[in-house]
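Visitor: following is a predicted model, sequence given first.
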Amino acid sequence: MNTLGNHNMKSTTQLSTRFIAGLLLLAVGINPPYAAESHENSHENTPPENAVLEKSSPKIKTTKKSTGSHKDKHGEDGGHNEHEKEGGVTLKEEQTRDIVSKSLTPRALSQIIQAPAEINFNEQTRAVLTARSEGWAEKVSIFANAEVKKGQLLATIYSPEFLSAQHEYMLIHKRAQSGDTAAARESRSLLADARQRLKILGLANKETRQLAHDGKSLPFQHLHSPIDGTVIDHKLNAGETVQPGQVLYVIANLKTVWASIALTENQLSKVKSGQVVSLTVKAYPKQRFPGKVISIGANMDETTRTVKLRALIDNPKRLLKPGMFATAWVEIAGGPPVLAVPENAVLRNPDGDWVVFVEEKPRHFKPVEVKVTKNIGDMMVIEGVQPGTKVVVQGAFFVQSELAKGGFDIHNH
């Protein structure tokens, strides 16, 4: 019994000693060995807490994944590459050949007046050819829509009056060369009038000199183009008779045209001669045709209540045709300096917001949301970027396409 009592007392003493030692270890932040063993044993017999959650509440696991994916999408703590974290795209050198970036600087843009217009012939470069005498068409060489050069033969006309005028000139010229007789002096005084008559009938100075030299009349009246241009209309066919004053050809040089622009009363006070004008037409919606104001109408149309403005428009490729309707953009005095980019430099992102592409470093482009405050001509005034920012002004659509191909986020929240 004593032995058993002593053993129990010894065990109690050892347990108390271990308990006190454990308390001291916990006080200094160290788990006692038996606590670790106890914790280990509890895990062997108890399912993990996560396992229970996954079995009983699978939606919790899905929600966690969705949250992680959202972070990845916006580059906060996901596993995407460097480009996705930066929210942009880096292009290869050969991809950037047609991309143009420029540093934005505030500048005053001209205010624009928009008005309807109609294309007309430039009457200073249009020629109407009429019959000079009675006769009939022997041969017609050029027809409508043909391109002609100045002096080019258009048609030949048989005219008895023309033949009579040539014979008269040759007779006067011969008498004028006969010496110092009274008849010679009289002929010399009549020679200039005879030469002028041939000129009126369409004979060129070179042909008149040849007539005097050869003494042989030309059988047909020659009709030549007086300008370089396009045959707009011809009203002459072989064998047809012609009468003096009858219109035979209309030829126009279309390298420049006139535009008749209709201005309202409140627009009229802002416009003056010499201001810059540009036109757009439905046939070529992406092309602008430049020009300038050359005159302002003297009266107002009582029906439309507009005043016609005339502008001279460059048309080097002859794309503009008289009779076309157009939209005119008249530039007037500029306003305060603003940041502006071409229309095709500003695009919509998937959220419908306006964005421009900033070249942060060579060949690396990032979409930046901007606010479009107004359109002036083909320029957009924007807010949201600082002066000096290098923005893509040509090729923005291609950059956006490449960004979308990579699955990058182009919302740029």
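Guide: Arrived safely, thanks for sending.
Visitor: tell me which helix or strand the residue minimising distance to the centre of the chain sits in.
Guide: For the chain, the residue nearest the mean C-alpha position is residue 286 (4.5 Å; Cα atoms, centre = their mean). Here residue 286, judged by DSSP states H and E, is contained in strand 284-301.
Visitor: kindly export that strand (C-alpha atoms) in CSV.
Guide: The C-alpha coordinates for strand 284-301 follow below in CSV (Å, rounded to 0.1, in the frame of the first residue of the first chain):
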residue,chain,number,x,y,z
TYR,A,284,-16.1,60.1,-101.2
PRO,A,285,-17.1,60.5,-97.5
LYS,A,286,-13.6,60.1,-96.1
GLN,A,287,-12.0,62.7,-98.4
ARG,A,288,-11.9,66.5,-98.0
PHE,A,289,-11.6,68.9,-100.9
PRO,A,290,-9.9,72.1,-99.9
GLY,A,291,-10.5,75.6,-101.2
LYS,A,292,-11.2,79.2,-100.2
VAL,A,293,-14.0,81.7,-100.3
ILE,A,294,-13.8,84.0,-103.3
SER,A,295,-17.1,86.0,-103.2
ILE,A,296,-20.2,86.5,-101.1
GLY,A,297,-23.6,86.9,-102.7
ALA,A,298,-25.2,90.4,-103.0
ASN,A,299,-28.7,89.3,-102.3
MET,A,300,-30.7,86.9,-100.2
ASP,A,301,-32.9,84.1,-101.7
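Visitor: okay, now the unreliable bits of this structure?
Guide: Scanning the chain for pLDDT under 70 picks out the ranges 1-86, 180, 334, 407-413.
Visitor: what is the burial count for residue 343?
Guide: Using other Cβ atoms under 10 Å, the number of residues around residue 343 comes to 12. All C-beta spots, glycine's among them, are computed from the backbone N, C-alpha and C.
Visitor: ok, residue 345 next?
Guide: Residue 345 has 24 neighbours, counted by other Cβ under 10 Å.
Visitor: with the one 4 residues further on instead?
Guide: Residue 349 has 17 neighbouring residues, counting by other Cβ under 10 Å.
Visitor: what helix or strand is the closest residue in space to it that isn't next to it in sequence located in?
Guide: The shortest distance from residue 349 to any non-neighbouring residue, by Cβ to Cβ, 6 or more residues apart in numbering, is to residue 355 (4.9 Å). If you go by DSSP H and E, residue 355 is part of strand 354-361.
Visitor: what ranges does the stretch 151-300 of the chain have for its strands?
Guide: Counting by DSSP state E, counting those that start in this stretch, the segments of the stretch 151-300 of the chain that form strands are 153-158, 221-224, 229-234, 241-242, 247-252, 256-263, 276-281, 284-301.
Visitor: determine which of those approaches residue 343 most closely.
Guide: Of all the strands of the stretch 151-300 of the chain, strand 284-301 sits nearest to residue 343, with 10.1 Å by Cβ to Cβ.
Visitor: ok now do the nearest residue to residue 258 once chain neighbours are set aside, which residues does it touch?
Guide: Using Cβ to Cβ, 6+ apart and skipping the chain neighbours, the partner closest in space to residue 258 is residue 120 (4.5 Å). Contacts here follow Cβ atoms under 8 Å, 6 or more residues apart in numbering; on that basis residue 120 touches 257, 258, 259, 260, 322.
Visitor: okay if I get the residues you listed as TSV plus neighbour count and distance to residue 372?
Guide: Converted to TSV, the contacts of residue 120 look like this (neighbours: other Cβ atoms under 10 Å; distance: Cβ to Cβ, whole Å):
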residue	neighbour count	distance to residue 372
257	27	33
258	23	34
259	26	29
260	16	32
322	15	37
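Visitor: in CSV, list these along with distance to residue 200.
Guide: Below are the contacts of residue 120 laid out as CSV (distance: Cβ to Cβ, whole Å):
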residue, distance to residue 200
257, 31
258, 30
259, 35
260, 34
322, 29
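Visitor: of those residues, which is the nearest to residue 89?
Guide: Ranked by distance to residue 89 (Cβ to Cβ), those are led by residue 259 at 43.4 Å.
Visitor: what bridges to the closest one?
Guide: Residues in a beta bridge with residue 259, per DSSP bridges, are residue 119, residue 311.
Visitor: and residue 105, that's in a helix?
Guide: No: Residue 105: not assigned to a helix; according to DSSP: H, G, I helix; E, B strand; the rest coil it is coil.
Visitor: that one touches residue 388, doesn't it?
Guide: Yes: the pair residue 105 / residue 388 is scored as a contact, 7.3 Å apart, by Cβ atoms under 8 Å.
Visitor: returning to that earlier point: any chance of the strands of the stretch 151-300 of the chain in TSV, with distance to residue 144 too?
Guide: Listed next are those as TSV, based on distance: least, Cβ to Cβ, whole Å:
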stretch	distance to residue 144
strand 153-158	11
strand 221-224	15
strand 229-234	5
strand 241-242	17
strand 247-252	9
strand 256-263	18
strand 276-281	22
strand 284-301	23
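Visitor: can you check which of the ones you listed gets nearest to residue 370?
Guide: Closest approach to residue 370 among the strands of the stretch 151-300 of the chain (Cβ to Cβ): strand 284-301, 22.7 Å.
Visitor: now the angle from the closest one to strand 276-281?
Guide: When axes from the mean of the first three to the mean of the last three Cα atoms, to 10 degrees is applied, the directions of strand 284-301 and strand 276-281 differ by 120 degrees.
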